[in-house]
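A.B. asks: Coordinates for the following, if possible.
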Amino acid sequence: QVQLEESGGGLVQAGGSLRLSCAVSGRTTSSYAMGWFRQAAGKEREFVAQVSRFGGVPGYADSVKGRFTISRGNAKNTVYLQMNSLNTDDTAVYYCAADSSLGDLLKGGADYWGKGTLVTVSS
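C.D. replies: From the prediction side, this is the model:
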């Protein structure tokens, strides 16, 4: 059984930075495509960033490109999301997701999800 647990959320001022972590138990992250999604209040969940199980160039939503960076930890059981130049539009619950299929993950249909961590950006 694969379990995902996010951490690192919190309150930050606009322009600041946060690093989210996703701890994966049960399998190593190299077994899965890993991604981050977010859901703001009253809005649908949206894709933020992904890294495939085979490596390669990570993918990002246009809204975060150049500001956010997804990476795998050296221990291979953690995925990070470094978030810089945060603005109020980034306020949301951030979810980590994993799936053996990158396509399914990008569609929002990943097999495994964490419970989320709240990021609040104040103006």
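
A.B. asks: okay, stretch 3-12 in CSV with CA atoms only?
C.D. replies: Extracted C-alpha coordinates of stretch 3-12, given in CSV (Å, rounded to 0.1, in the frame of the first residue of the first chain):
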residue,chain,number,x,y,z
GLN,A,3,0.8,6.3,1.2
LEU,A,4,1.7,9.9,0.5
GLU,A,5,2.0,12.6,3.2
GLU,A,6,2.6,16.3,2.4
SER,A,7,4.2,18.8,4.7
GLY,A,8,5.7,22.3,4.6
GLY,A,9,2.6,24.4,4.1
GLY,A,10,1.9,27.5,6.1
LEU,A,11,1.4,31.2,6.0
VAL,A,12,3.8,33.3,3.9
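
A.B. asks: can you list the residues that contact that stretch?
C.D. replies: Here stretch 3-12 makes contact (CB atoms under 8 Å, 6 or more residues apart in numbering) with 18-26, 86, 93-98, 112-122. Every residue, glycine included, has its C-beta placed from N, CA and C.

A.B. asks: Flag every buried residue along it.
C.D. replies: Neighbour-count burial for stretch 3-12, counted by 16 or more other CB atoms under 10 Å, picks out 4, 6, 8-9, 12.

A.B. asks: on that earlier part again, any quick PyMOL command for the buried ones out of the contacts of stretch 3-12?
C.D. replies: To isolate the buried members of those in PyMOL, using 16+ other CB under 10 Å:
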select buried, resi 18+20+21+22+23+24+86+93+94+95+96+97+98+112+113+114+116+117+119+121
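
A.B. asks: Which of the buried residues of stretch 3-12 fall in helices?
C.D. replies: Among those, no member falls in helices (criterion: DSSP state H).

A.B. asks: Reformat those residues into CSV and put distance to Gly55 next to each item.
C.D. replies: Output for those, formatted as CSV (distance: CB to CB, whole Å):
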residue, distance to Gly55
Leu4, 20
Glu6, 22
Gly8, 23
Gly9, 27
Val12, 30
